[in-house]
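> return atomic coordinates for the entry below.
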Amino acid sequence: MLVLNSRFPFIHNVEERAVNIPQATWDSWWDTGYGTNTAGLTVNENSALKHSAYWRAVNLISSQMASFPIGLFKRLPNGNTEEILNHPAVRLLTRQPNNIMTPFIWKESSQANVLTKGNAYSYINRDNRGNPLSLMMMDSSEMKPKVEGNQIVYEFFNETFDPYFILHIPGLSFDGARGKSVLEAAAESMGVGLAMQKYSANFYKNGAKQSGFLSHPMALSEQARLGLRKSFDKNIKGPEGGTMVLDEGMKYVPNSTPPIDQQLLQLKQFSVQEIARWFGIPPFLLFEESRSTFTNIQDQGLSFIIYTLTQWVERWEAELRAKLLTEDERNDHFFKFNMDSLMRGNPVDRANYHAKMAEYGFVSINEVRRKEDLNSIDGGYEHLIQVNRQPLNTIRDGKGIEVPPGTS
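I've put the predicted structure just below:
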């Protein structure tokens, strides 16, 4: 067993060993489940992702988190901030975290692991000065974090890693060491949704539904039953259907059970709404719009940003700061996700936002142009304000005489 001491945390060639995972272990990511639920189906990563709403929920949050640019900033003594562009961690987070992934794919895959497995781990390969060289994802199902003393240590394939080497993004945790998987907690709900989906497929696979039965006044031989069933299926099944002529006193008796189509539709809506609750996503973002209106969709979208994405951003920023910065740097450096990219696909809202920010002097014209990937212009760094807005203590009377503060 290899124990890495945080005082001397420099070893070489661990990156290759950390990702040298047997194929059977990779397969277990998808095959291991959370037992058979009440619906009679085993729920695991592979089966759950066959549910369209679950796939959409995981993909939506993961891709949104991956789309946010990450910047490193330093708080200056005067309270201002400056962006740091030449830090080793910035290169990993904005250019290439490892040899096989882009920053987007690494962030998306990590977030997907958190949502489906409860945790995401990446091995931090460092140089002899402690600078991060790469971030390699590790199998969440094989990682066993444990609290020892006043820190968390990580057991991975019979090796123990110091937290200095492990970037760990956890989900909801009850011990601070290991996050809880949404899929594990939602196994019953997912089982019902998958069972309903399987039932629907089997129900409609022949192109028809059992809406009634044939009644014959006499007993039929087995050969007659088979011939009648074959003739009936030939005329009724399929997208076009057909006309069935009944003779010999036969009658068609409609099934008196409630309409199954409406029940299946309601079950599907309920299944999507359940998944939306588990992930904290407005149902309309999972394309279930039965309760959405034109006026409330914008508010629902805003709630997704505030109540869902923001808490994930906070988790990421805190862990990046703790693991990718030195102790001295953590005093005045911080990582920040730029969530303004959410307005990238909405030019009207983006234009209104920039206009307000420039109108009140919060930003200059060139700062707005830089965000829009436009070149700067001469004089564009001046901050402008409306001339009719003045401080209260400089209000002038009708003759242009300044009224001293505290007088009327």
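
> with just CA atoms, put stretch 350-363 into CSV.
Provided in CSV are the C-alpha atoms of stretch 350-363 (Å, rounded to 0.1, in the frame of the first residue of the first chain):
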residue,chain,number,x,y,z
ARG,A,350,-27.8,40.1,-23.5
ALA,A,351,-28.0,43.5,-25.2
ASN,A,352,-30.3,44.9,-22.6
TYR,A,353,-28.0,43.7,-19.8
HIS,A,354,-24.9,45.3,-21.5
ALA,A,355,-26.8,48.5,-22.1
LYS,A,356,-27.9,48.9,-18.5
MET,A,357,-24.4,48.1,-17.2
ALA,A,358,-22.8,50.7,-19.5
GLU,A,359,-25.6,53.3,-18.9
TYR,A,360,-25.0,53.4,-15.2
GLY,A,361,-21.2,53.4,-15.5
PHE,A,362,-20.6,49.9,-14.2
VAL,A,363,-18.6,48.9,-17.3
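
> buried set for it?
350, 354, 358, 363 (16 or more other Cβ atoms under 10 Å). No exception for glycine: its C-beta is placed from N, CA and C like everyone else's.

> could you give the mean pLDDT of it?
Across stretch 350-363, pLDDT averages out at 82.

> contacts for it, please.
343-344, 364-365, 368, 371-372, 383-386 (Cβ atoms under 8 Å, 6 or more residues apart in numbering).

> ok, stretch 80-100 next?
69-76, 102-103, 106, 122, 131-137, 320, 324-325, 333, 335.

> just the buried ones from the residues you listed?
Neighbour-count burial (16+ other Cβ under 10 Å) is assigned, among those, to 70-72, 103, 106, 122, 132, 134-137, 320, 324-325, 333, 335.

> just the ones in strands from those residues, please.
Judged by DSSP state E, the subset of the buried ones among the contacts of stretch 80-100 located in strands is 70-72, 122, 132, 134-137, 333, 335.

> out of these, which comes closest to E148?
Nearest to E148, judged by Cβ to Cβ, of those is S122 at 21.0 Å.

> contacting residues around the closest one?
With contact set as Cβ under 8 Å, 6+ apart, S122 has these partners: 97, 106, 110, 135-138, 166-167.

> which residues of the protein fall in strands?
Using DSSP E, strands in the chain cover 33-36, 42-44, 70-75, 81-84, 119-126, 132-138, 143-148, 151-156, 159-161, 166-170, 212-215, 251-254, 333-337.

> where does the stretch 201-350 of the chain dip in pLDDT?
Within the stretch 201-350 of the chain, the ranges that satisfy pLDDT under 70 run 201-220, 228, 232-270, 291-296, 341, 343-346.

> run through the helices of it in chain order.
Here the stretch 201-350 of the chain has its helices, by DSSP state H, counting those that start in this stretch, at 222-236, 260-279, 297-304, 310-324, 347-359.

> how about the shortest one: buried residues?
The reference is to helix 297-304. 300, 304.

> ok so, going back, farthest-apart pair in the buried ones among the contacts of stretch 80-100, please.
M137 and H333 (24.6 Å).

> measure A318 to S231 for me?
The gap separating A318 from S231 is 70 Å, by Cβ to Cβ, to the nearest Å.

> how is this structure partitioned into domains?
When the chain is parsed with automatic domain parsing, its domains come out as 1-204+259-339, 345-397.

> so which of the ones you listed is the most packed in?
Highest mean neighbour count among the domains of the chain (mean count of other Cβ atoms under 10 Å): domain 1-204+259-339, with a mean of 16.

> can you check which of the helices of the stretch 201-350 of the chain gets nearest to S376?
When the helices of the stretch 201-350 of the chain are compared by Cβ to Cβ, helix 347-359 sits nearest S376, at 13.9 Å.

> and that closest one with helix 297-304, angle?
Interaxial angle of helix 347-359 relative to helix 297-304 (axes from the mean of the first three to the mean of the last three Cα atoms, to 10 degrees): 70 degrees.

> shift numbering so it begins at 192
Sounds good: first residue 192 from here, last item helix 538-550.

> in a markdown table: the buried residues of stretch 541-554, plus distance to L283.
Output for the buried residues of stretch 541-554, formatted as a markdown table (distance: Cβ to Cβ, whole Å):
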| residue | distance to L283 |
| --- | --- |
| R541 | 29 |
| H545 | 30 |
| A549 | 34 |
| V554 | 29 |
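
> how long is stretch 550-561 from one end to the other?
Distance across stretch 550-561, first residue to last, is 17 Å (Cα to Cα, to the nearest Å).

> ok, and the closest non-adjacent residue to V504?
Once flanking residues are discounted, V504 sits nearest to F528: 4.7 Å by Cβ to Cβ, 6 or more residues apart in numbering.

> residues in contact with the one you found?
Here F528 is in contact with 256, 259-261, 504, 507-508 (Cβ under 8 Å, 6+ apart).

> how far away is A467 from G370?
Per Cβ to Cβ, A467 is found 20 Å from G370.

> could you give the bridge partners of I360?
A311 (DSSP bridges).

> for it, give its distance to N290.
In terms of Cβ to Cβ, I360 sits 21 Å off from N290.

> repeat that for F478.
For F478, the distance to N290 - Cβ to Cβ - is 37 Å.

> cool, F356 as well?
To N290, F356 is 18 Å away according to Cβ to Cβ.

> R369 now?
Distance, R369 to N290, by Cβ to Cβ: 29 Å.

> what's the answer for N319, then?
Computed as Cβ to Cβ, the N319 to N290 distance reads 20 Å.

> same check on D531?
30 Å.

> next: K265.
29 Å.

> follow-up on the earlier one: which one of the contacts of stretch 541-554 is nearest to F348?
Within those, the smallest distance to F348 is 40.9 Å, found for R535 (Cβ to Cβ).

> out of the domains of the chain, the one nearest E413 is which?
domain 192-395+450-530 (25.6 Å).

> related to what we said a few turns ago, distance to L493 added to the ones in strands among the buried ones among the contacts of stretch 271-291, as TSV?
Below are those laid out as TSV (distance: Cβ to Cβ, whole Å):
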residue	distance to L493
I261	22
G262	23
L263	28
S313	31
P323	35
S325	37
L326	32
M327	36
M328	32
H524	30
F526	24
